[in-house]
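Asks: attaching a predicted model along with its sequence, questions to come.
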Amino acid sequence: MSLSKNDTDLDQEKYLREATRHFYGIEKPLKYGPAIETLNDLIQALYVEFSTNYVNIEMVNHLMLSYKSNPKEWQKFAKFDRYKYTRNLVDTGNGKFNLMILCWGEGHGSTIHDHSDSHCFMKMLKGELKEIRYAMPSTRTTESTTLANTDDSTENDLERHESLEEIGQRSMSLNDVAYINDNLGLHRVENPSHSDTAVSLHLYCPPFDSCSVFEKNSGQKINCTMTFWSKYGQKVTYEK
Ligand SMILES: [Fe+2]
């Protein structure tokens, strides 16, 4: 049985997905935007923005840029794991957006992934992160759903084994915000430091719980379900 959503939810989701076709992010806060003093201000302002179907996505970007990191406000959500980066849920935004804090230990990094047709804002709260972007491979190169190589050497298979094209890199420092959607490509994020941790605040809209993960050398993808390490400051335990 599939989950049903009310028409309001669907209208906003449709609008947001359509907006990923033309929104590229803003680099500076807007002159007319509201001031954001605290993490709570940010969350309240996001609720206001998402209360309408026609979300002003530029304003959402402004709000993320305007908040200045205060560790006292977000520390309770920042849970680290020794072996990999963690995803820690802060707020589900009435089902309209997901706000989460990612904690990156020294040298931790993500896979190369897409964002399931959603908007993704990533703001630095502590330390530095490196973002590497790749062009979205053509459909023909991602038909296979397995990462395993095959011996089949038909022309189509050869076409599927094209490595991803790197299209840019950037370093992100305290309070920087990066924006990406599937129209702009794929990315991988890593903490390049071997002595300092990093913490980032992520907003996804519409929310999603699975995405595609790509293998760099072949361009092949698999679907990946994402989980939270903690929710609202409490560790999540998943049944095996
Ligand atoms: Fe991402």
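Replies: Nice, I can see it.
Asks: residues contacting the longest helix seen in the chain, please?
Replies: Counting residues, the longest helix found in the chain (DSSP state H) is helix 7-19. If you take Cβ atoms under 8 Å, 6 or more residues apart in numbering as the criterion, helix 7-19 is touched by 5, 50, 52-55, 57, 95-96, 117-119, 205-206. No exception for glycine: its C-beta is placed from N, CA and C like everyone else's.
Asks: among the residues you listed, name the buried ones.
Replies: Among the contacts of helix 7-19, those buried by neighbour count (16 or more other Cβ atoms under 10 Å) are 50, 55, 57, 96, 117, 118, 119, 205, 206.
Asks: among the residues you listed, which lie within helices?
Replies: Filtering these for helices - DSSP H - leaves residue 57.
Asks: out of the buried ones among the contacts of helix 7-19, list just those in strands.
Replies: Judged by DSSP state E, strands contain the following of these: 119, 205.
Asks: for the buried ones among the contacts of helix 7-19, work out which two are farthest apart.
Replies: Between any two of these, the greatest separation by Cβ to Cβ is 17.1 Å, found for 50 and 117.
Asks: for residue 109, give me the pLDDT.
Replies: In this model, residue 109 is scored at 98, pLDDT.
Asks: again, but for residue 212
Replies: 97.
Asks: quick one: contacts for it?
Replies: 113, 114, 116, 142, 221, 222, 223, 224.
Asks: could you dump those residues to JSON lines with secondary structure?
Replies: As requested, the contacts of residue 212 are arranged in JSON lines below (DSSP: H, G, I helix; E, B strand; the rest coil):
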{"residue": "113", "secondary structure": "strand"}
{"residue": "114", "secondary structure": "coil"}
{"residue": "116", "secondary structure": "coil"}
{"residue": "142", "secondary structure": "helix"}
{"residue": "221", "secondary structure": "strand"}
{"residue": "222", "secondary structure": "strand"}
{"residue": "223", "secondary structure": "strand"}
{"residue": "224", "secondary structure": "strand"}
